[in-house]
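Engineer: Let me see the structure of the following:
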Amino acid sequence: MTAAGSAAAADLPEPIFPPALTDLAGRVLAVAGAAGLRLASAETVTAGLVSACLTSVSGASSIFERGFVLYHGSAKASGLGVSAAISEAHGAVSAEVTRALAEGALSHSTAGAVVAVTGYAGPGGGNERDPVGTIYLAAVRRGRPPLERRCVFAGSRDAVRLQAVQAAMALLLERLES
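Structural biologist: Here you go, the predicted model:
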């Protein structure tokens, strides 16, 4: 590593995620592993942060299978087999699209459980019904009905996204434990 690389590395946070998030990720992985399930994620607003948090836990590679990141509006609307009609009727950030993304990730993987996240992190976006900070979550497990949640978080773009990661993992854990 060059001297410039060493200086840049010294400026990086250690760890990347707060301990409370990695502890939660560890619990999710432990419960999934004990059930013999692999995990996957479908993320828009968090752009892979759920996947990154889960894989920051040592040993995650035996449980976490894959993450799908669908960030552009067209990818959110049609990714993972989501019908354009669902997105047109409800919006790319909606409970219906989030559930369809979770179900699509389940069908496009061999994972036994999936969590999906859509939302508006800000500073732009949002609307009267779903202001900036609105996050939709869906957790599905093969053979069980989906769990869904709508949250509205406050704070900066990064704060909203990290709160969404925490909420996604909490919902996934709830689905795994029930």
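
Engineer: make it CA atoms for all contacts and neighbour counts henceforth
Structural biologist: Noted.

Engineer: what about residue 137, which SS state?
Structural biologist: Reduced to three states with DSSP: H, G, I helix; E, B strand; the rest coil, the structure at residue 137 is strand.

Engineer: Which residue comes closest to it once chain neighbours are left out?
Structural biologist: Using Cα to Cα, 6 or more residues apart in numbering and skipping residues adjacent in sequence, the residue nearest residue 137 is residue 117, 4.8 Å away.

Engineer: again with residue 46
Structural biologist: That would be residue 161: by Cα to Cα, 6+ apart, it lies 5.5 Å from residue 46.

Engineer: Test my guess that the one you found contacts residue 43.
Structural biologist: No. At 10.9 Å, residue 161 and residue 43 do not qualify as touching, with contact defined as Cα atoms under 8 Å.

Engineer: Comparing those two, which shows the higher neighbour count?
Structural biologist: Neighbour count, other Cα atoms under 10 Å: between residue 161 and residue 43, residue 43 has more, with 29 against 25.

Engineer: residues in contact with the top helix by length along the chain?
Structural biologist: Longest helix in the chain by number of residues (criterion: DSSP state H): helix 157-177. Taking contacts as Cα atoms under 8 Å, 6 or more residues apart in numbering, the residues outside helix 157-177 that touch it are 21, 24-25, 27-28, 31-32, 45-46, 49-50, 113-117, 121-123, 133, 135, 137-141, 146-149, 153-154.

Engineer: can you check stretch 72-80 too?
Structural biologist: 44, 70, 83, 84, 87, 92, 97, 101, 104, 105, 108.

Engineer: going on from the helix-or-strand element of the chain with minimal mean pLDDT, what's the next piece of helix or strand?
Structural biologist: Least confident helix or strand of the chain, by mean pLDDT, DSSP states H and E, is helix 3-10 with a mean of 63. Using DSSP states H and E, the next helix or strand after helix 3-10 towards the C-terminus is helix 19-34.
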